[in-house]
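Q: Sequence and computational prediction follow.
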Amino acid sequence: MPSLLITGANRGIGLALCQLTAKQDWTIHACCRQLDQATELLALQKQYPQQIQCHTLDVRDEKQLNMLQSTIGSDPIDVLINNAGIHAVTASQFGRSTEKATTWEEAVQVNLLAPMKLMELFVDNIASSSMKVIANISSKMASMDDNGSGGAYAYRATKAALNAVSVSAARDLKHRDIIVMILHPGWVRTDMGGPNGEISVEESATRLLAMITSAEMKHSGQFLDIDGTEIAW
């Protein structure tokens, strides 16, 4: 059965993707920053003990990243989903770029550098699998074309940068038959998306997984909406 490595697996879309893939008999490496507080994820692991292995992973922590690589070893990974992300609310407004400099730095580390490092650390595992898919969860808020409201400086900037490194990775890894997807999960009713989101986490996860499992090389490096259409950069 397929294997999945996913970050931000303790809640929202990440947890829903773990629930969905567990029901479909996937092998899952589920990562989150505070595993001891991940009540729902740990309950899911108890329900599917043969399929789900949980890992404590702060994606900013080099030691934890290397430990994860050591734990997984050379096992194939069919799908890597870089899902962990932060909105960096205190770095959202014009005129406050130096007020909370650490928030900007955290946004860069979590939204940009961590997905890059995970792609690099596990590229051989992905290349040795059957599906060979990297799915980087971006946001339509990264689109220059779609930005009609301004604000959200750190979030928009780091997600746009994630798009840029994803396109480069798509080009660089094509010779290894690896598909690098850039996916907008929709406006989802999560802690980040808020209660007015257009779709549930379950619908977002279902549609994301459908795109991932049907991905072809032509989708590599494309910026895709939750309905499968391309988003203007």
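A: Happy to help now that I have it.
Q: Show me the shaky parts of this structure.
A: 189-197 (pLDDT under 70).
Q: What segments of the protein are strands?
A: Along the chain, counting by DSSP state E, strands occupy 3-6, 27-32, 52-56, 79-82, 133-137, 179-183, 223-224.
Q: May I see those strands organised as TSV, with mean neighbour count and distance to S92 added?
A: From N, CA and C alone the C-beta is placed, and that goes for glycine too. Formatted as TSV, the strands of the chain follow (neighbours: other CB atoms under 10 Å; distance: least, CB to CB, whole Å):
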stretch	mean neighbour count	distance to S92
strand 3-6	25	26
strand 27-32	26	24
strand 52-56	18	29
strand 79-82	27	22
strand 133-137	26	19
strand 179-183	26	22
strand 223-224	20	22
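Q: Name the nearest residue to I199, ignoring sequence neighbours.
A: G186 (4.8 Å; CB to CB, 6 or more residues apart in numbering).
Q: Could you report the separation of the one you found from P115?
A: For G186, the distance to P115 (CB to CB, to the nearest Å) stands at 19 Å.
Q: again, but for G14
A: From G14 to P115 the distance is 13 Å (CB to CB).
Q: CA atoms only for stretch 5-23, dumped as CSV, please.
A: Output of stretch 5-23 as CSV, limited to C-alpha atoms (Å, rounded to 0.1, in the frame of the first residue of the first chain):
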residue,chain,number,x,y,z
LEU,A,5,5.0,11.4,5.3
ILE,A,6,3.0,14.4,6.4
THR,A,7,3.8,17.4,8.7
GLY,A,8,1.2,19.3,10.7
ALA,A,9,-0.7,16.1,11.2
ASN,A,10,-2.3,16.9,14.6
ARG,A,11,-5.2,19.0,13.5
GLY,A,12,-7.1,20.5,10.6
ILE,A,13,-6.3,19.4,7.1
GLY,A,14,-3.3,17.3,8.2
LEU,A,15,-5.3,15.3,10.6
ALA,A,16,-8.1,14.8,8.1
LEU,A,17,-5.6,13.5,5.5
CYS,A,18,-4.3,11.0,8.1
GLN,A,19,-7.8,9.9,8.8
LEU,A,20,-8.6,9.5,5.2
THR,A,21,-5.4,7.7,4.2
ALA,A,22,-5.6,5.4,7.2
LYS,A,23,-9.0,4.2,6.1
